[in-house]
Structure formats: structure tokens, C-alpha cells
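# pasting the sequence and the predicted model now:
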Number of protein chains: 6
Amino acid sequence: MDENFIHQLYLDHQRTAELPSPRLVEDWLNRLLQLLFPEYSEEHFASERVFAREFETNALKFLTILDVIRDKLERPASEVQTEFYAGIPAMRQSLMEDATAILNGDPAAKSTTEVIRTYPGFFTLAVFRVANSLCRLGVPLIPRVLTEHAHMRTGIDIHPGATIGRRFCIDHGTGIVIGETVEIGDDVKIYQGVTLGALSVDKSLARTKRHPTIEDRVVIYAGATILGGDTVIGEDSVIGGNTWITKSVAAGSKVYYRE
Amino acid sequence: MDENFIHQLYLDHQRTAELPSPRLVEDWLNRLLQLLFPEYSEEHFASERVFAREFETNALKFLTILDVIRDKLERPASEVQTEFYAGIPAMRQSLMEDATAILNGDPAAKSTTEVIRTYPGFFTLAVFRVANSLCRLGVPLIPRVLTEHAHMRTGIDIHPGATIGRRFCIDHGTGIVIGETVEIGDDVKIYQGVTLGALSVDKSLARTKRHPTIEDRVVIYAGATILGGDTVIGEDSVIGGNTWITKSVAAGSKVYYRE
Amino acid sequence: MDENFIHQLYLDHQRTAELPSPRLVEDWLNRLLQLLFPEYSEEHFASERVFAREFETNALKFLTILDVIRDKLERPASEVQTEFYAGIPAMRQSLMEDATAILNGDPAAKSTTEVIRTYPGFFTLAVFRVANSLCRLGVPLIPRVLTEHAHMRTGIDIHPGATIGRRFCIDHGTGIVIGETVEIGDDVKIYQGVTLGALSVDKSLARTKRHPTIEDRVVIYAGATILGGDTVIGEDSVIGGNTWITKSVAAGSKVYYRE
Amino acid sequence: MDENFIHQLYLDHQRTAELPSPRLVEDWLNRLLQLLFPEYSEEHFASERVFAREFETNALKFLTILDVIRDKLERPASEVQTEFYAGIPAMRQSLMEDATAILNGDPAAKSTTEVIRTYPGFFTLAVFRVANSLCRLGVPLIPRVLTEHAHMRTGIDIHPGATIGRRFCIDHGTGIVIGETVEIGDDVKIYQGVTLGALSVDKSLARTKRHPTIEDRVVIYAGATILGGDTVIGEDSVIGGNTWITKSVAAGSKVYYRE
Amino acid sequence: MDENFIHQLYLDHQRTAELPSPRLVEDWLNRLLQLLFPEYSEEHFASERVFAREFETNALKFLTILDVIRDKLERPASEVQTEFYAGIPAMRQSLMEDATAILNGDPAAKSTTEVIRTYPGFFTLAVFRVANSLCRLGVPLIPRVLTEHAHMRTGIDIHPGATIGRRFCIDHGTGIVIGETVEIGDDVKIYQGVTLGALSVDKSLARTKRHPTIEDRVVIYAGATILGGDTVIGEDSVIGGNTWITKSVAAGSKVYYRE
Amino acid sequence: MDENFIHQLYLDHQRTAELPSPRLVEDWLNRLLQLLFPEYSEEHFASERVFAREFETNALKFLTILDVIRDKLERPASEVQTEFYAGIPAMRQSLMEDATAILNGDPAAKSTTEVIRTYPGFFTLAVFRVANSLCRLGVPLIPRVLTEHAHMRTGIDIHPGATIGRRFCIDHGTGIVIGETVEIGDDVKIYQGVTLGALSVDKSLARTKRHPTIEDRVVIYAGATILGGDTVIGEDSVIGGNTWITKSVAAGSKVYYRE
């Protein structure tokens, strides 16, 4: 190959700012999920103190990750860390409610153990709630690394900046896309292939609300596409599969695909 | 973090019943597939006896997995094991027919070697036939762990409880969802994004037929959605892409999306 | 299990022609991508010469892969290798343009670093451009192994034989299928769930153009399906989401899903 | 390099008879030791049945190893396997006595747990007793692979064909050499750097007794060398460090190095 | 195998008190040595803060190890940890002096880099100084696990309880044994195969001084054996190789093996 | 820990010149030995060309190692590489003779396969002949890294600078030390614990001959120590075990330890 090409590429390698190693980030995430959910863990902890120490180690690894990108943080890394871990009990509570909602919503599900251990929807939601929590604390890049890790494993793409309420239920899930400025209420349920996206991707809209709002208790069936920042799906609506919606829908509506 | 939270979580870890380790289950599955399909294997076996021994070891690992959940089995683990392995020659025969069907159905495919080694549809089907076989023997949880392993890798979600006939052909595949009570005949072909699902997910329907029946020689194109336990797609029908079907369709029908 | 079954299977293992080990192929690919994009690399190279040597080692590994299948090559392995590596600078240039196009096209993207490190669309495109380059040099099987590796990770299925122009932009991506004889112009953008496929999969059509042509600056929204070898989407057209298109569309058209 | 050299070497690789992979042999050994001694294990077994299954799997792996070299076995592999595993309870009993003897003989030792987990002398003895047991069953090569594995880790070289009585105590151990036809009684203790070797290494002596006999309750201090097949160290003797002995020593003798 | 044997063994596994996993202990040790000596490290740290964080993580891992055996500690784990890490700068200083002493004492050594990276004597000393430091803080078992880890790799067996002065120089090293109550002054140098041991191993002597005292600037050549708690080698003495010494030697003596 | 300490240590890490990663060096060595000796290999090569390519890859890895230390080389790295690989056929021939000599010299050895696969003496000699070859080509540090790798595994410490003739036979081996300026003739045999060392380790002697000369057909028994640059053991001599020799010995002598 051209020597000059190699030379330029080498300079590129030298210049590229240090990023937290993907392996480090994934190890931290997986360990955190194993600590939070026994269903993910293969380990037997010798005592409560040993268990607690693992949490501390996890928190310290998180600080190491933050240190690599500390120039891009708005606040001291240790402040970010403290707040993130303080929010974990509430986050786990929320995830347990999600698991129960999935169990109740899927006739094929036999137990929350099965949901937590085998449902890609739950896994993605767990990663999202972690990533979202970091987003809210102003951490750049890492949240996206986390949600893309889940996206690669499950085919479900939730932007870490989205807003998602309680008892969110994802069924099957492959092909779901939830954009950055989506707002989802409580007790919403969505199926595979649903897109909650933008009507336009003009770069100048980067900081505006470009994705829809889904109110409480809405159900959205497989393959439905709902677009636009002004589009609001009113509470208790049912959006049929393969529908294409770019305007708001009143509360209690039923929108079906005309066969 | 809150000490009480850590304490409760630790108790949770103590209480959670032992599950077979995911690594163990995946090792068993991958080894089985490597033994059944040389295309998956990286190994050179020294003799037929060594090869046969690997099968026995595989069978014993399976027994170890069953032992962990033996309280949840309806029959003695060893009986389950014997029947499962007795069914393997027929299962492999069936998979070889699937591979041939995929080869014949895809102009881009050059050989069954290519199909077995690189087609995610074939891989998912292989995992499904293993999982389904376990399902029929009353093994809980493991079948789901297996199909979700394939789902994570290929984006194709086939419930282990589904009924699928011979020479089943999946093309591309990402986004396919096949529900628990689906019944599929012989020589059926489906494309990416097809959903064979339920109309309603009322938990009380858990033990009823909630998903459609697809008769022999039906072809279902990309993105079609077919729902409901009473929905029957009659033999030799062609279901066009992006269609939405909730009622039965007579044999020999052609249902297209109206452009 | 039946002894005869084991015997036949063993013979099968003996007979199966050697294929390059998947691990070897993936190692080669990942190393190549790490060398080409610092964002993928976790390593610090001691000097430019060490870096250059890594490229040579990569090229030699490639030759080892080619050697395994040399009976199926049309030209000497070393000639294939030389041409492939000679084309790498241009290929990387093209991928940098793709990254910029993705950055410009997605309001949520913050930098090319983020695009290269976290966007599955970019990763799949990078693998495609490598695989396509091998395809054009007459290398069998390996290109498909590469694109299926990407397909498994991202849910995006681009056939290595497709023709894709410059500054191609994939947004989200899960569920995208791009067939073998697709031709895509420059500055095209497509979203998740888009299928560019064949109308018929008659095996006798294996060597004909069966997939559509997408001209310059076309945008295709989520879930659209465009089929057929004679179907041409004229330049500057916009194809709405969830549409189903089997006939050509004039330049500058806007095709929407009728709500 | 010379092409002819490569060619000859390649033929050599083709010709070399299959040997059990070192990794396979070591995995089998380590697993066996982990099952026999909880101090070596990092695992928590879910139930007694799971534990028992692990033993069966271990036994099957052993059969796979034997299968590779079955042309060199004097008896059917399965017969060898059955006898070997039948002898394990007695072998473990013997090793527990060894551990107690080491504990009693070393003022620095605090518990048998410490002995089993950290003493290289105990580890080597455990490997020896396994290898010796195979030797007696006529298994070639593998016993030597096992003892060399221990030799590499601990610097203690016990030929698998040696005869060693009960409650054998090795202190420190590095540099100990115990030859093929050594016979050691009960309650013997030896220190680092002790050699129990041959006076002559004439290849024609391969099947004769070439190494010394050590009777019950003998103690041999660091660096002593005792050589020859006719040399007998009578019971209750003490052999001082750095001594050089090629003739028999009466029972109850004390042989010291003259300072 | 006998069912009763399996049953008893299983109970044994259940009963055996949790010990820190060997892998955990070795990871902690290796990481610590990598942080203390760049020559052992393969890593490039992104910033001083990232580097400092790695130290904190290391300290936390240490606490996890201590937690497993906290019932056997004389003091709170965190107190032990704090003191151990507070002593590290002095310990490293001491090890740098050891490295310089080895460099100065070996004509074949070219640099301290070579000494630290390749000399087993230095490695063992580094592990000893860590283990000894833990011993002095009353930590049981772990120090022995550490020194046996070094013993297995280098064949040098230094009891963690020994007392070793500054600028200690080990040349070659295999077969060296240094007992629990040895006391070594400053600037001492010893060669391979040297034993500093006990005259008697009566278990009742467990808490008495049983091993020799080596005063400042003594040199002990290969294969020398020095035994007994009352044996003092006076300062500036030279002990020839293969000698056997059980009585004290006046300062400035030269003891040679009579050829 | 003290912040200043961390700061200084971090600077140390920044300053330390890049060294070839130990893992890289060991991978290269192990691969080379696997290619040269089928007994070390676990692999089945698909064709002679694939095999030849592995040699080329090995040679290229070697160049990468040399590149890291190229400032310390006396000649261009590629010249060193070319000469080293050109010398490999002769080096392997020499090692095969060593293996035969070990087989002939040990009544317990059954085949060269057993010798190559399990004898630590052969392994160390193989590593020595590689390291020595690099030494003669002026490569610094790496030869020592290689021989210490063997030393750690086998307890045999041969300085890479030593001169060793043909058909060299090491029996058992733990504790052998062979110094930098040792010269050994053909058909020499040595046992465990033999030291061929220096009388004085005055650093000023670094470039003089400080270690003994052993002429053809000499046998040296376990624990013998032979010291000094002027000491010559005349051909056909036998040096008894545990002897201590600092003066030359005429050809045909028999030197025994006086019991």
C-alpha cells in the first residue's frame, strides 16, 4: 500500500483523542446489571460485605470511564458518579415494574425470571434506563455506546435521550426505533418494528423536539410508524400495526390499517 | 448507595433459584450444532470413536443442564435426554431439507455449504428445531433461552412452542416474529419482517391458540402481518409484502398490498 | 443414538472441504477495521514502522484465508491480495465520506467519532465496502461470511454483490435488506426496515438483474419496500415510509403512504 | 526459507500421529482435582446430582483422551476408565493422609486447607497419584504428560511409574527428582533438591530396577542424592542434606554430611 | 463410582469455607505490580487521573479479598487496607534498590529494565515484599497464596514471614528456600539452590525461631545449606557453594567446600 | 496513597521506553515451535501453502517485535529477520539430534515424540537455540525474555549467550544454571541441579570469559558445580554429582564426591 497513506493513517491514530475502551464500558455495564439482577449473575457472593464491595468496585470503574472523557463533562466526575449511584435504587424499582408489565402483557411469559433472563425487550430497557440516567447527568458519548451495545444485541434502538414512563412494555422488539426527543407516558406497550421517529432530519433541528409524544396507556402494534415532534398520540389510544401516522390522534382513538 | 438497598438486593441474590448458566447452555448448543453440521465445526476429529465420544459428552452436558431444573421437569431427566437424542437423526434430516429449500429458493445462494455456514435463517431454524424438540419433551425455560440466543444473533424471533413443517424457508429474516401457537405446513417460505402474531394479548388466553395457521406451500413476502388464532392462510396462497391480515384466506389466494 | 447415524455424520465431517475458520476471517476483518479507523482500536502503536508492519501482517493473514479456498479463485491469491490492498486508500476515503454524510444527516449525531464508534449503519457499510471489494476480485464465500457477520451484529443485510455509490447514509438500520443486484447512486439515504428486493425468486434468474436501481439523492423512509430488477427510482425522489413499490418512479417524485 | 524444508516439515505435520491435545488433558486433570478437592474449586454446585453429573462428564472426557491413543492401549478404553474411576475413592483417601502428613510435618503450615490450596508438594503428589494410577492400568504417554505438567508448575519431577507409600511428605520440593523404579515406603519425608536416581543410564537397563528403595519412616534432607537400583535406605534412617549415597544403609542409620 | 463417596464429597464441597478465588488474588497482585513497574505493564494510561483511579480500584479489589476472610483478620479490613497502601511507596523504593543491587551484582545484566522485566529473582522478591507486608498486618493465608504463586513461576520459595533487609540480591534463583523465621540483613546476596532452613521440624516449634540469621553483606553461593535457629552467619562472611552449615560463623569468615 | 508518589509513578510510566509486549513475544515463540514440531501443534493445516503462509506470518510478527526495539539493533531489522529464518532448517536439524540424544540417554524415554512433547529439557533447549541464534545476530533483550520464559516453565536457566554443541542432553533439568560465557562441546550430558557458573561476579568482568568450558562427551551428574572462566573439563570426563570444581580437569578424568 501507498507509504503516504500509511503515514497519514498513523498520524490519525496518534491524533485521535483517547476514548474509554469499549471492553471497559461493557464490563462495567454487564457487572452492574449482574449486581442489580440475580438472573443475570453466574456468581455466588460469599457475604453481604463482599457483595457491597462489588458495588463499590463497579462505582470506581465508572469513575475511571468518566476520567477518560472528563474534559467533556459539565461537572466533576465524582459528582456525576455520586448522583448516578444514588439514583440506582429508584431505577431498579422502575425496571422491576417494567418486568412485571411485560409478564402481564405476554401470554407466553411464565415468570419475571424468564422475562429478565430471556426477553430482549427487558434487557434493552435496562440498558436504556442506565444510559438515560447518564444522559440526564450530562455525560456525552457513553450513553450512546451503551444503547448501541443493546441495539447490536437485540435490534431495538432506543436513543438514550428519550423520555420513557413507568411500566413500559416491549414485546418481541426487533426493529423498534425510538428517537431522541420521544416522550412516552406510563403503561405504554409497543411491538416489533415500531418507529417513533422524525418527519425531517434537517441538521438545524438538532435541538428541537422532532419526535412524537405517546401518552399513558397507548398500545402500538407491530410495524406502526409515528413521526413528527408535534404528533401526540392521546391517552388510551390503540395504534394498529403497519399504520403510518404523522398527525396527532385524540385520546381513546383506535387507528387501524385499512385492509 | 443506600445500605438497605444493598441488603435487600443481597437477599434477592441469595433467594434466586439456581438457573443453568447461560454459558453452559450456549456451549452445549454450539457443540451440538458443530457435531451435526461440519460447516460449523473448526475441528478435525482423530477417529470415529473420538467423534462418537463427543456426542456422548454433549449428551451428558445436557443432563447436567436438566439436573439444575429437575424440579420443574415432568419426567425424569434421563428419560428426557434419551428421547431428545433419539430424535436427533430425524431432526437433522429435516434441517438438511430446510437447507436445500433455502438454496433452491434464493438465486443468490451458491451451495448448501454457504447456506449452513452463512444464512441466519438456517441458523435460527436449527436452533428452533432443537428448542422445539425440548418443548415437546416438557422442558421449561431452556427452549426460550435457546431461541432468544438465536434471536439476539439474527433478529429472528421464533417461539420454541411453534409448529413448523418441512422444508421451511426463511429469506433474509431480520424482524420475523413467529408466535407460540403458530402452525406452519410444509414448503412454506417467508421473508424479513413478517409477523405471525396474536390479535390480543389478554393473559387469560395463555393456553389457547392465539396465532395463525399457515398451510402448505404458502409464500409470505416482506413485512406482512398475519394475526389471530382463527386466521388460516389456505394452501398455495401468496401473501404480498406489507399486508395486514386478520381474517382467513382461501387456498390459492393472492393477497397484495394496494399501491 | 443410532450408530449408523454417527457413522454417516463422521464421514460427512471427513468429506467436508476445508473452509477458512470463521475466527480467522473475523480476526482479519476486525484488525483491518482497527487499523483503518482509530476509533475502533484499543491500541497504542510504538512507531510508524510497527504500525506499517501490522498492515503487512494483516495482508499476510488475508493470503492465508485465500490459500484455503484457492481452488475456487479465478486468479492467483497473491494477485487478488495485491489488488485488494491497493484499493484500500480509496475505500477508506469513501468510508470517511459515508461517515460525514451520516453525521450531516442525523440531528442526533454529535461527531464523526461518534458515528464511527457507535453507528451500526457505518459499521455495516464498512464491512460491505470490504466485502464488495473482494466480490469484484472474484473471491467466493468470504464476502458473504463478512456481510453476514455484520448482519448478525446490526440486523442490516447488504449483499456483498450490491453496487452502492458515495456518501451513502443509513439511519438506525435494523431490518434493512439490500439485494445482490441492487444499484444505488450517490448521496442516497435509507432508514430502518427498508427492503430493496426481488419480485420473484426463481432460481433460473440467478444471473439476471432482479433488484431495483436507486438513483442519486433519493431518500427512502422506514419500512418502504422496493422490488424488481426493472424498477428504477429516479434521482431526487423521496419514497415515503411503509410504501410498497414495484414499478419505476420518475425523477423528483414524492411517493407517500396514503393514510 | 528453503521451500524444500517447508515441504518436508509439512509432510512431517501430516505424518505425526494424533496425540490427545494438551489442553484437553490438562482440562480433564484440573477438573478432576477441583471435584476431588473443594480447595481447588471456584464453583458452587447447585445440587448433588449436578455434582455427580460433573464426575460423569469428567469420566467421559477421560474416555475421549483414551480413544485418541486406543491403538496403544493393552485393554479396551472403557475397561481402563471403569477401573480408574473405581480407584478414585481410595486414591483420594490416600491424598488426604498425605495432606495431614504435610501439615503435621511443617511447623509453618496452619491447616490442611492451606496445604491443599498452596503447597506445591501436595499438588505434585495429587498429580502423581493420578498419573501412577494410569500407569498401572497400562496407559502410555498420558501419565508422563500429567507429571510433566506438575513438574513445570512446581519443579518437582516424579516419574509416574514410581512406587510411593502412604503419608508421603514433600517439604518445599523444588528440584526433587524421583526416578521410574524408585520404591518408597510409608511415612517417608523428603526435602527440596533430593534426587532418587540411577547410577547409570545405559538404555539397555530400561526394564530393570535402576533407582533406590526407601523404606518406611525414612527422612531425607535437602540436596541429598541417593542412586542405584540396589541401594536400600533401611527403615527409620535419616539421610542428611547434601549427602551422596550409592550404597545401601542399614535400618535406623543416620548419615550426615561431614562439615 | 461409589454413590456414597460422591455424597460425602458433595458435603465436603458444601462445608468448605469460602476462600478468595485464586484468580481474584492473582489479578489483584499482577495489576498492582503493573502499576508499580512500567516494565510489567502493557498499557498506556490516558491521564494521571485515570492512572490514580486504577490504584483506587486495585485497593478496592484488595478489600474484596479481605472481606472474604474477614473472620480471620485481627483488625478491620479497611484498616489493614489503609496501612498496606500507605506502605507501598516505601516498599517500591526498597524494590528499586533491590533491582539496582541485582544489576550491579550480575555482569550479564544490562539495565534495570532487563532486571525488572526478565529476572525471576526480582519478581519473587517483589511478590515477597507484598506478601510480607500483608503478613505483618496479620493477614492469614493470602501471603502464602502470593508467595506460592511466585514459587510456582520461579522455583524460588520465600516464606512470607521471613525478614529480609535492603538491597537483597538473588542470582538465578531456582531452588532457593528461605524459611519462615529467617532474618537477613542488608546487602546480602544468594545464588540458586541455597537453603536457609530448620534443623528440626517438630510441630511444637511452630512459634519459635527455627531458621538462621544472615548478617549484612554476606554472600552465599549456589547449593549452600544453612540450618537452625541459633545459626548466625556473621557480617561480611562468604559461604561457599554446596556447603552444609549448622553452626554459627564469625563475622568475616570464608567457609568453603573442601574439594 | 501519597499524591506525589502517584505523580512520580505516572511520569515513570510515561517515560518508560516501549518494549515488545511479552504476550507478543511468547505468541511468536510458541507459534514458531508449533510450526517446527508437530508434537507441539494442535492444528491441522489445510494445505502446504497454508502451512507456508503461517511461516511467513510468523516471520512478519518477528519483524514487528524487532521494529519496537530497532533503535537498539546493530543492523536493519529485515536483515536480522532474513538471517534468522535462513538459519532455521539447520537449527531444527540440531534440535532433532538433541531429541535423539535425550531418547538414547534416558532409559525411561519411549520415543522422540514423548521427548519433544513432554521433556522440559528439550523444550528449554529449543528455546535456547532460538534465543542463541538471536543473540548471535545482535538482538538485545528478546533472547533473555525467551530464555526466562523457558526458565519460568522448566526451572532450567540457560543464558542465551552460551555456546552449546550438538546432541546436548539434559536429564530432568530443574535447577540447571548455564552462564553467559559457558562453552559446551558435542555429546555432553548434564543432570538436574548442575551449575556452570562464575567464580566472581565483579561487574568489571562483564565482557570476559567467566564461565567454564566443557569439552566433548563429558557427563556431569546431579548437583555438580563447575565454576570459573579458566576451568576446562577435558573431553570424555565424568563429573560426579554434588562435586564442586573450580580448576581444570584433564581429559578422561572421573571426579567423584567422596562419601
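Nice, thanks for sending it over.
# the nearest residue to A:Ala109 once chain neighbours are set aside sits in which helix or strand?
Distances taken as C-beta to C-beta, 6 or more residues apart in numbering or on different chains put A:Leu103 closest to A:Ala109, at 4.8 Å, once the chain neighbours are dropped. No exception for glycine: its C-beta is placed from N, CA and C like everyone else's. Applying DSSP states H and E as the criterion places A:Leu103 in helix A:88-105.
# tell me if whatever helix or strand comes next after that helix is near chain B.
Downstream of helix A:88-105, the next assigned helix or strand under DSSP H and E is helix A:112-118. Yes - counting by C-beta under 8 Å from any C-beta of the partner chain, chain B has neighbours in helix A:112-118: A:113-114, A:117-118.
# on that earlier part again, how far away is the residue nearest to A:Ala109 from chain D?
According to C-beta to the nearest C-beta, to the nearest Å, A:Leu103 stands 24 Å off from chain D.
# and the pLDDT for A:Arg258?
Note on A:Arg258: pLDDT of 60.
# could you check how far the lengthiest helix in chain A is from the centre of its chain?
Counting residues, the longest helix found in chain A (DSSP state H) is helix A:48-68. Chain-centre distance of helix A:48-68: 22 Å, with C-alpha atoms, centre = their mean, to the nearest Å.
# tell me what that helix is packed against?
helix A:22-36, helix A:77-86, helix B:3-15, helix E:48-68 (3 or more C-beta pairs under 8 Å, 6 or more residues apart in numbering or on different chains; DSSP states H and E).
# ok, back up a step: quick check, nearest of the residues of helix A:112-118 next to chain B to D:Asp230?
A:Arg117 (67.8 Å; C-beta to C-beta).
# what residues does the nearest residue to that closest one once chain neighbours are set aside make contact with?
Nearest residue to A:Arg117 in three dimensions, chain neighbours excluded: A:Glu39, at 4.4 Å (C-beta to C-beta, 6+ apart). For A:Glu39, the contact set (C-beta atoms under 8 Å, 6 or more residues apart in numbering or on different chains) comprises A:113, A:116-117, B:16, B:19.
# assumed A:Glu39 was part of a strand.
No - applying DSSP: H, G, I helix; E, B strand; the rest coil, one finds A:Glu39 to be helix, outside a strand.
# what distance do you get for it to chain E?
Applying C-beta to the nearest C-beta, the value for A:Glu39 to chain E is 22 Å.
# and if you look at A:Trp244?
Distance, A:Trp244 to chain E, by C-beta to the nearest C-beta: 47 Å.
# now stretch A:71-87: buried residues?
A:73, A:77, A:80-81, A:84-85, A:87 (16 or more other C-beta atoms under 10 Å in any protein chain shown).
# out of the residues you listed, the closest to chain F would be?
A:Ala77 (16.5 Å; C-beta to the nearest C-beta).
# I'd assumed A:Thr64 was in contact with that closest one.
No - assessed by C-beta atoms under 8 Å, A:Ala77 is found out of contact with A:Thr64, at 9.3 Å.
# quick one on the thing from earlier: same for the helix holding A:Leu103, what does it pack against?
Short answer (3+ C-beta pairs under 8 Å, 6+ apart): helix A:88-105 packs on helix A:22-36, helix A:112-118, helix A:120-136, strand A:169-171, helix B:3-15.
# anything in the fourth one near chain C?
Same thing as strand A:169-171. No - using C-beta under 8 Å from any C-beta, strand A:169-171 never reaches chain C; the gap is at least 13.6 Å.
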